[in-house]
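K.L.:
Sequence first, then the predicted structure:
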Amino acid sequence: EKLNEERQKIQILEKQGFELKGEITELEASICEKDMEIGALEESLKVIKHEKDELLSSLDEALRDLNAVKTSLEERISLLESDLTEKDLETNELVSELAA
């Protein structure tokens with residue numbers, strides 16, 4: 001009788017062991033799946049970072065171009081203002097000559 005009880009306990013423990021092994025296998029499979037997801041996300045992140053770097057580079061280049069255009073326009077405005085001042089002086093001289 002005691003022997004049967006021990007056998008039953010062993011059978012129960014063996015059954016629990018198999019169940020635990022099944023759970024461990026499921027958890028390991030889940031961990032592998034998560035590792036693959038993490039790997040895919042890391043690759044996506046690398047691509048996104050690369051694209052961000054390219055965009056920042058393009059923006060820097062565009063900003064340099066815009067600054068060059070701004071400088072060129074400022075120089076042109078300065079020249080036009082000088083021309084206008086010169087024309088004003090000529091106009092004033094002509095008005096003075098006509099008044100005289």
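P.N.:
Right, received. Where do you want to start? Values in this document were obtained by computation on a predicted structure and should not be read as measured data.

K.L.:
quick one, what contacts the most centrally placed residue in the chain?
P.N.:
Geometric centre of the chain, nearest residue: Lys52, 4.0 Å, by Cα atoms, centre = their mean. By Cβ atoms under 8 Å, 6 or more residues apart in numbering, no residues touch Lys52. For glycine as for every other residue, the C-beta is placed from the backbone atoms N, C-alpha and C.

K.L.:
give me the element it is part of.
P.N.:
helix 2-99 (DSSP states H and E).

K.L.:
Check the average confidence over that helix, would you?
P.N.:
The average pLDDT within helix 2-99 is 97.

K.L.:
For stretch 4-16, which residues meet the burial criterion?
P.N.:
Residues of stretch 4-16 classed as buried: none (neighbour count, 16 or more other Cβ atoms under 10 Å).

K.L.:
Now find how far off-centre that stretch is within its chain.
P.N.:
What separates the centre of stretch 4-16 from the centre of its chain is 59 Å, taken as Cα atoms, centre = their mean, to the nearest Å.

K.L.:
can you check stretch 91-98 too?
P.N.:
With Cα atoms, centre = their mean as the basis, stretch 91-98 stands 64 Å off its chain's centre.

K.L.:
what comes up buried for it?
P.N.:
For stretch 91-98, the neighbour count (16+ other Cβ under 10 Å) marks no residue as buried.

K.L.:
For Leu3, grab the count of nearby residues.
P.N.:
7 (other Cβ atoms under 10 Å).

K.L.:
actually Leu66, not the one I typed
P.N.:
Counted by other Cβ under 10 Å, the residues lying close to Leu66 total 10.

K.L.:
again with Leu59
P.N.:
Residues within reach of Leu59, counting by other Cβ under 10 Å, total 10.

K.L.:
before we move on, what about the one 3 residues further on?
P.N.:
Applying the criterion other Cβ under 10 Å, we find 10 residues in the vicinity of Ala62.

K.L.:
Having no further points to raise, I will conclude here.
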